[in-house]
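Trainee: Got a predicted structure here, sequence first:
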Amino acid sequence: MFQKILIANRGEIALRVLRAAKELGIQTVAVHSTADADAMHVRLADESVCIGPPPSRDSYLNIHQIVAACEITGADAVHPGYGFLSENAKFADILAAHNITFIGPSGDHIRIMGDKIEAKRTAKRLGIPVVPGSEGAVSDEKEAKRVAAEIGYPVIIKASAGGGGRGMKVALTEADLEMALATARSEAGAAFGDDAVYIEKYLQKPRHIEVQIFGDGAGKGVHLGERDCSLQRRHQKVWEEANSPALNSEERSRIGDICANAVANLGYSGAGTIEFLYENGEFYFIEMNTRLQVEHTITEAITGIDLVHEQIRVASGGGLSVTQNDIRFHGHAIECRINAEDPRTFVPSPGTITHFHTPGGLGIRVDSGVYSGYRIPPYYDSLIGKLIVHGRNRVECMMRLRRALDEFVVDGIKTTLPLFRELVGNPDIANGDYDIHWLEKHLAKGE
Ligand code: ADP
């Protein structure tokens, strides 16, 4: 087992990892920018190292500083959290070269999944259902037209190097294709320095359903069920549920088994999420995230398994603590992402939290790095906390969520709490009847 883990992140996820390490009796090192000297993860860690000025590229993305912090403190492993360096293959390789364990998959697996064309090709080879589309990158308009005619309009052009929803363009008919292709290509070139694009069938009313997987790196894989993250705004997840209100248990085990077998065959190590669009009973692979996700907490709620413990065990060579047969799903869980944002315009609202009071009681978990008197720095993402509610079934979960939202107090800044209070009372949400466009349509109507 590791002696000392350095947590290369900030905010609620740094605290989340710190808690798991402490439970396992492992020493912790926090790293922080000068803007985060007062952060909770810094206060609670056994040691802390300042790694640079506020901008992420000079601190949380600064590989040299983080490796130096490992060497100064003698950390033998690094947990990257999510975001920042968590899907940076070069970082994983550099740590390996320094004999420091990266708590995550190999650099090679990160690289494959970071390239969308390569990821899709690999998924297909492993028996995962993918969206119909071009075999690889499309070279010119003629080829694009041929592929689009074959799969049928509407189609979506996507950047191979894409991420964060950038470099994607929809063409409803052949007349739109030329423009969509050119725009997607130039956006991709500007954003990622790589203008390779590919074509897929555009699904019109899908849900976003993702499967949590774990590999032991030695040919074993398990799945921990799915999460439904269809409630999104600008491709950012807002509200997540486990299990999905749209799946039955037969569909759950079918897609779960496909994913578990795929990661076993890949020899994948650690936690990962295979993301799908789901429409008319069919799953279509869109990407695989090779890290812990923000919404891993709802999977923990329904399985009772601590995913960060599991990541640390696997990375230290201890293997998985569970087999597929040990994994059972209990009840229903919902996560609301509490952002420091205006609840209607989503404009960030940094500032000082004058009063912070979290709900409690059975089935309630709040993961947050903030406290009364905390000043939110303007440099990073606006997530200030996650409310995770568990109930024996979805109805009980929603009742409890409504009550918990009433108790939650965050004064001094704007937050997305009012949006959740509205959603929890909406009949479509109560019925689980929504797709990936529902939230944006609902917000547009309310304006
Ligand atoms: P990124 O990595 O940039 O987030 P994804 O491939 O994960 O890109 O896609 C982001 C979002 O774009 C999806 O959640 C979905 O809303 C939309 N999308 C992607 N591919 C399709 C498709 N084939 N049909 C419909 N919507 C799509």
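Mentor: Nice, thanks for sending it over.

Trainee: quick one: the strands in the stretch 251-400 of the chain?
Mentor: 269-279, 282-289, 332-339, 351-352, 355-357, 364-368, 375-376, 383-391 (DSSP state E, counting those that start in this stretch).

Trainee: Using CSV, lay out those strands together with mean neighbour count.
Mentor: The C-beta positions use only the backbone N, C-alpha and C, and glycine is treated the same way. Listed next are those as CSV, based on neighbours: other Cβ atoms under 10 Å:
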stretch, mean neighbour count
strand 269-279, 23
strand 282-289, 21
strand 332-339, 25
strand 351-352, 13
strand 355-357, 14
strand 364-368, 19
strand 375-376, 17
strand 383-391, 23
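
Trainee: Relative to the ligand, which of those is closest?
Mentor: strand 282-289 (4.1 Å; Cβ to the nearest ligand atom).

Trainee: Could you export the closest one as PDB, keeping only the C-alpha atoms?
Mentor: Output in PDB follows, covering the C-alpha atoms of strand 282-289 (Å, rounded to 0.1, in the frame of the first residue of the first chain):
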ATOM      1  CA  GLU A 282     -30.400   1.200 -28.300                       C
ATOM      2  CA  PHE A 283     -27.100   2.300 -26.800                       C
ATOM      3  CA  TYR A 284     -24.500   4.300 -28.900                       C
ATOM      4  CA  PHE A 285     -21.000   4.800 -27.500                       C
ATOM      5  CA  ILE A 286     -19.800   8.400 -27.500                       C
ATOM      6  CA  GLU A 287     -16.700   8.400 -25.400                       C
ATOM      7  CA  MET A 288     -14.900   6.900 -22.500                       C
ATOM      8  CA  ASN A 289     -13.600   8.900 -19.600                       C
END
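
Trainee: Can you name every helix or strand that that strand contacts?
Mentor: helix 107-114, helix 116-125, strand 269-279 (3 or more Cβ pairs under 8 Å, 6 or more residues apart in numbering; DSSP states H and E).

Trainee: please redo it, this time with the cut-off set to 6 Å
Mentor: strand 269-279 (3 or more Cβ pairs under 6 Å, 6 or more residues apart in numbering; DSSP states H and E).

Trainee: Tell me which strands the strand it packs on pairs with, and in which orientation.
Mentor: Note on strand 269-279: by DSSP bridges, its sheet partners are strand 207-216 (antiparallel), strand 282-289 (antiparallel).

Trainee: To residue 36, which of those lies closest?
Mentor: strand 282-289 (24.5 Å; Cβ to Cβ).

Trainee: what does that closest one rub up against?
Mentor: By Cβ atoms under 6 Å, 6 or more residues apart in numbering, the residues outside strand 282-289 that reach it are 113, 119, 123, 128-131, 255, 272-277.

Trainee: Check whether the spatially closest residue to residue 239 that is not a sequence neighbour sits in a helix, strand or coil.
Mentor: Nearest in space to residue 239, with sequence neighbours left out and distances taken as Cβ to Cβ, 6 or more residues apart in numbering, is residue 231 at 4.1 Å. Secondary structure state of residue 231, per DSSP: H, G, I helix; E, B strand; the rest coil, is strand.

Trainee: Check residue 176 too.
Mentor: Relying on three-state DSSP, one would call residue 176 helix.

Trainee: Could you list the contact residues of the stretch 201-350 of the chain toward the ligand?
Mentor: Applying Cβ under 6 Å from any ligand atom, we find that the stretch 201-350 of the chain lies next to the ligand at 201, 202, 203, 206, 208, 235, 275, 277, 286, 287.

Trainee: Strands along the stretch 101-250 of the chain, start to end?
Mentor: 101-102, 155-159, 169-171, 197-201, 207-216, 221-233, 236-242.
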